[in-house]
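# Predicted model follows, preceded by the sequence.
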Amino acid sequence: MILGVCLQLAASSGTPPIFMASEQFTLAWDHSIEKVRWEEDYTVTLSAEGAPQLRANQARIKGSGAGMEPPEDAVYRDGWFYYTPAMHSPAELRLTRSEFVPDYQWCDEQGCRPLSALIPRDGGVTVLWPCLGPLD
């Protein structure tokens, strides 16, 4: 088995999830109103019990604006506000993907691409969680 993440459209919970074999990735997006870039870095590791877990390592915002103020402990460096996310080990991420704004970007060792290159968007929520994938 290999570590990675599973992606699934919330509205189609009856279909098998898509597995991404990636232990380190970044989710990035532009704020829908302010048009300012956000990026969050994640790793997938095994817990002491051997279960896959998601870890939020670092986040950054390329500016500030209405509804997107950086946390008080954020450090401004090279045009970005860097901080450690308050929720370190989320069980899952629920990504709202509207057709009216640019899609999330998935960045890994192969570079960045729209999340829609991995899983289509339906204007609803995409669920992402840490999982184990089969060896090919």
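Structure received.
# where exactly do the strands run in this protein?
Applying DSSP state E to the chain gives strands spanning 2-9, 18-20, 24-30, 37-46, 52-61, 75-77, 80-83, 93-96, 105-108, 111-114, 125-133.
# Excluding chain neighbours, what is closest to Phe25?
Computed as CB to CB, 6 or more residues apart in numbering, the closest residue to Phe25 that is not its neighbour in sequence is Asp108, at 4.6 Å. Heads up, the C-betas are built off the backbone N, CA and C, glycines and all.
# Repeat that for Ile18.
Leu7 (4.6 Å).
# ok, back up a step: against Ala117, how distant is the residue nearest to Phe25?
Counting by CB to CB, to the nearest Å, the separation of Asp108 from Ala117 is 12 Å.
# Which one of these two is surrounded by more residues?
Neighbours were counted for Asp108 and for Ala117 using other CB atoms under 10 Å; Asp108 has more, 15 against 11.
# and the more buried one, what are its bridge partners?
Judged by DSSP bridges, the bridge partners of Asp108 are Gly111.
# please begin residue numbering at 659 from this point
Got it, the first residue is 659 from now on, which makes the last one we talked about Asp766.
# thought it was touching Glu681?
No. Between Asp766 and Glu681 there is no contact under CB atoms under 8 Å: 9.1 Å.
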